[in-house]
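**Q** how would this look folded up:
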Amino acid sequence: MIFLTILNGLLPSFLMVILGGLLRNRLSENAWAGLDKLNFEILFPALIFTAAASRPIAVADMLRIAPAVWVILGVGLVLGYGARRYGPQRFLDFAGGWQTAWRFNTALGFIAVGALPGADLGKLAVAVGMAIPMANLMAVTALSRGGSLGLGATLQKIALNPFLLASLSGVAVGLSGLKIPGPVLAPVEMLAAAAIPVALISIGATMDWRALARLDRFSAILCGVKLMALPALTFLVCALVSVQTSLMTVLVVFAALPTASAAHVLAAGFGADRRLVATLIAQSTLLAALSLPVWMAAVMIWAG
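**A** The predicted model follows:
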């Protein structure tokens, strides 16, 4: 049942990616680049903001969960750098792929956690709200340095990055407990609803489909870190220190999620190799259809 739930959750995304591949030649390269720019500047920031701001965030939960997800992201960053020697020569292109070792698919996270008995979606919302700013800070820093910017220009690009601004403002609203009036929030939610479909179509249009089923050392290391090493280490640590089952479930599933389609949007915004990142996202998502149910089953067996 869990396996089928995850596959059902992935199927619409794959169909959108396939649609993008079919539409590849219907638009010019400039049109696809403009679509990516729209997603980077407006649509995905709206999605990030609403994900963090739509649920109240308890300070106690934040203090427990935030350090855990930050460590998971940091381990992904460190282990993912092991792919450097096998990756693109230009650091900017490597940085675009490197971010896939720690970024995560938020939508699939809610599908996966919701499929488990006794799931606590509130804890997942806190994890996502705390992780998004850090994941984006790490990715933007790497991509900015890869672009050979000076320190001042790098700091400015990080501070003004739409993803980071949306993350921080969304977490601030969640912590404050403020409820944004419906008429004000509605257009933001409409923009957010378009972000993932647009990103998936763009991924399909720019992806190298011939490389999808062919993992080289570079992509194998990054996918292995994201889908195997991070959840394995998270599961082991949670088991050793007897973390509460509901929190362990959230942390292990969070660590096991495939990389985010936002990685493609961010890489495109900085001028990194979009095809490489799109292919890594597709590979990570496809492999997660097999690995994620295994980690979910492991947590259920442990909870017994």
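
**Q** Any idea which helix or strand in this structure has the lowest mean pLDDT?
**A** In the chain, the helix or strand scored least confidently by mean pLDDT, DSSP states H and E is helix 151-159, which has a mean of 68.

**Q** Next SSE downstream of that helix?
**A** Using DSSP states H and E, the helix or strand that directly follows helix 151-159 along the chain is helix 162-176.

**Q** Could I get the buried residue list for whichever helix or strand comes after that following helix?
**A** Where DSSP H and E defines the elements, the next helix or strand beyond helix 162-176 is helix 182-206. By neighbour count with 16 or more other Cβ atoms under 10 Å, helix 182-206 contains the buried residues 185, 188, 191-192, 194-206. Yep, even glycine has a C-beta here, placed from its N, CA and C like the rest.

**Q** mean confidence for helix 182-206?
**A** Averaged over helix 182-206, pLDDT sits at 89.

**Q** Identify all contacting residues around it.
**A** 13, 16-24, 27, 32, 35-36, 38-39, 42-44, 46-47, 49-51, 107, 261-262, 264-265, 268, 274-275, 278, 281-282 (Cβ atoms under 8 Å, 6 or more residues apart in numbering).

**Q** on contacts alone, who are the packing partners of whichever strand or helix holds Phe49?
**A** For Phe49, the host element (DSSP H and E) is helix 44-53. Counting contacts by 3 or more Cβ pairs under 8 Å, 6 or more residues apart in numbering; DSSP states H and E, helix 44-53 packs against helix 121-146, helix 162-176, helix 182-206, helix 262-270.

**Q** where does this structure have low pLDDT?
**A** 1-3, 5-7, 9-10, 146-155, 157, 211 (pLDDT under 70).

**Q** Which helix in it has the most residues?
**A** helix 274-303 (DSSP state H).

**Q** Check which residues of that helix are buried.
**A** Buried positions in helix 274-303, judged by neighbour count with 16+ other Cβ under 10 Å: 274-289, 291-293, 295-296, 298-299.

**Q** okay, the angle between it and helix 182-206?
**A** Counting by axes from the mean of the first three to the mean of the last three Cα atoms, to 10 degrees, helix 274-303 lies at 110 degrees to helix 182-206.

**Q** Distance from helix 274-303 to the middle of the chain?
**A** Taking Cα atoms, centre = their mean, to the nearest Å, one finds the center of helix 274-303 at 12 Å from the center of the full chain.

**Q** before we move on, what about stretch 265-284?
**A** On Cα atoms, centre = their mean, the centre of stretch 265-284 falls 12 Å from that of its chain.
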